[in-house]
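Participant: Here is a sequence with its predicted model. Questions after.
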Amino acid sequence: MDEQSLLRTLTKVVTTLTARDIPFTVSGGCAVYARGGPPSDHDVDVFLKEKDVPSARAALVAEGMRPEDPPEDWLTKVWDGDVLVDLIFRPNYRPVTDDTLSRSDLMRVGPTMAPVLGGTDLLIDKLLVLDAHRCDFAPLLHIARDLREQVDWERVAKETGESPYAQAFLTLLDSLSVVDLGGHP
């Protein structure tokens with residue numbers, strides 16, 4: 001997926017949800033990009049509260065997107081042409097709350113201004129995805145380096161403490177002197 005297509009779709013999503021007063025925040029690769037990380041090439045991810053999902057989905061469908069009912073119970077999807085939009089309400093089985101949304105910053109993402117998930121929440125989300133089947137540290141290392149000054153690493157370590165994969169990644173960051181965790185993630 002090319003960057004311009006993703007940004008066009010992101011702009012359509014932001015404009016639609018904002019016009020209907022549906023609280024949301026840009027997450028995933030587009031949020032990483034907005035915060036100075038590598039460009040996203042996959043899809044558009046948006047966090048919103050579960051109660052707002054039906055109205056958000058209906059609004060996006062009214063703008064010409066086509067809905068998809070995924071088997072997962074923590075998100076729903078719409079397609080803008082060939083661009084996938086994930087409407088995520090329970091990332092890593094943790095509910096999106098008013099508090100989650102309040103930790104966003106209004107930022108420019110390509111041609112639009114949007115609430116963008118904070119660096120700390122982004123890293124927590126990305127680390128909690130790691131498991132035996134998804135354990136590629138290379139892209140995460142790039143993201144962590146680019147966003148390191150925007151992240152509360154103590155909070156990341158605390159909120160990912162149950163994941164041995166996240167702990168291994170934090171140990172790697174500390175060993176490479178990307179961040180200083182005092183040798184203890």
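Facilitator: Structure's in. What do you need?
Participant: quick one, domains of this structure?
Facilitator: 3-117, 123-175 (automatic domain parsing).
Participant: can you put the ones you listed in a markdown table and add mean neighbour count and distance to Gly182?
Facilitator: (Each C-beta comes from the backbone N, C-alpha and C, glycine too.) Output for these, formatted as a markdown table (neighbours: other Cβ atoms under 10 Å; distance: least, Cβ to Cβ, whole Å):
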| stretch | mean neighbour count | distance to Gly182 |
| --- | --- | --- |
| domain 3-117 | 18 | 25 |
| domain 123-175 | 16 | 8 |
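Participant: so how far is the first residue of stretch 59-67 from its last?
Facilitator: For stretch 59-67, the first-to-last residue distance is 11 Å (Cα to Cα, to the nearest Å).
Participant: got the domains of the chain as CSV, with mean pLDDT columns?
Facilitator: Converted to CSV, the domains of the chain look like this (pLDDT from 0 to 100):
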stretch, mean pLDDT
domain 3-117, 95
domain 123-175, 95
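Participant: any chance of those in JSON lines, with distance to Leu181 too?
Facilitator: Converted to JSON lines, the domains of the chain look like this (distance: least, Cβ to Cβ, whole Å):
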{"stretch": "domain 3-117", "distance to Leu181": "20"}
{"stretch": "domain 123-175", "distance to Leu181": "4"}
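Participant: Quick check: which element contains Ala157?
Facilitator: helix 153-159 (DSSP states H and E).
Participant: bridging residues for Met113?
Facilitator: Counting by DSSP bridges, Met113 is bridged to Arg108.
Participant: Against Val151, how distant is it?
Facilitator: 22 Å (Cβ to Cβ, to the nearest Å).
Participant: And the strands in the chain, which stretches?
Facilitator: Ranges of strands in the chain, per DSSP state E, are 25-27, 44-47, 66-68, 75-80, 83-88, 104-109, 112-117.
Participant: My guess is Cys30 contacts Asp41. True?
Facilitator: No: in this structure, Cys30 is not within contact of Asp41 by Cβ atoms under 8 Å, at 10.5 Å.
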